[in-house]
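Colleague: build me a model from this:
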Amino acid sequence: NFVPLWPKHLATLEVSGTMYNTGRHVSLRLDKEHLVNISGGPMTYSHRLEEIRLHFGSEDSQGSEHLLNGQAFSGEVQLIHYNHELYTNVTEAAKSPNGLVVVSIFMKVSESSNPFLNRMLNRDTITRITYKIPKNALSDSLLRHAAGRKSYKMHSLRLLSQNQPSQIFLSMSDNFRPVQPLNNRCIRTNINFSLQGKDCPNNRAQKLQYRGTGTSQTLHI
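Modeller: Sure thing, here's the model as predicted:
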């Protein structure tokens, strides 16, 4: 049975962090002075925000790690949280049941832009990116509606390289995984399927797909 994302509770703090080019993602790691937690809705425990990660494509027609009715978006912002009530850090939580919750926000190319993405991806911020390689894990995912991103801003993202500046340029774009089975992962959304519009492909039979390694499987809602 489908249970919607809402209601849920988000801390409303202004936080700072450090941005990294990990070679696979643009990653924002929060400073530890201010902690941001998410709770309520389908979550039994409170989860703490650890990292904000970007996935994006070399073309506007691809880039997101989730699909809506089989259609990808230009990119996806993932807010990665770990269960701080049961586990001491994200590394421990990633190996354990009920360890992680990921809030995913679709990115689409539009005339208007999103203030959050503008602050995160302005030129001054991007030039201060350093290199670090983290590990990746996912146990639970929450889908949000699409946030706008201008085409020239997406082009700036595609100029980010997987390699060190002294090495041959290799674009970081298309840093998403192939469609994969759900493997009992829970996917919930606040997308209103009763409303039809050009921004989201929500006027067909409602289904969600998760990208990963392996073959595809569809969750029907």
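Colleague: give the other helices and strands that the helix ranked longest in the chain contacts.
Modeller: When the chain is scanned for its longest helix (criterion: DSSP state H), the result is helix 151-158. Here helix 151-158 touches strand 43-56, going by 3 or more C-beta pairs under 8 Å, 6 or more residues apart in numbering; DSSP states H and E. C-beta here means a position set from N, CA and C on the backbone, and glycine is covered the same way.
Colleague: one step back: got the angle between the longest helix of the chain and strand 43-56?
Modeller: 90 degrees (axes from the mean of the first three to the mean of the last three C-alpha atoms, to 10 degrees).
Colleague: any idea of the mean pLDDT in helix 151-158?
Modeller: Regarding helix 151-158, the rounded mean pLDDT is 73.
Colleague: could you do stretch 44-56 as well?
Modeller: Mean predicted confidence for stretch 44-56 is 91.
Colleague: cool, stretch 166-177 as well?
Modeller: Across stretch 166-177, pLDDT averages out at 86.
Colleague: which stretches of the chain aren't confidently modelled?
Modeller: Within the chain, the ranges that satisfy pLDDT under 70 run 1-13, 111-152, 190-221.
Colleague: next, L30: phi, psi?
Modeller: phi -70, psi 150 (degrees, to the nearest 10).
Colleague: can you give me the neighbour number for it?
Modeller: Using other C-beta atoms under 10 Å, L30 is surrounded by 18 other residues.
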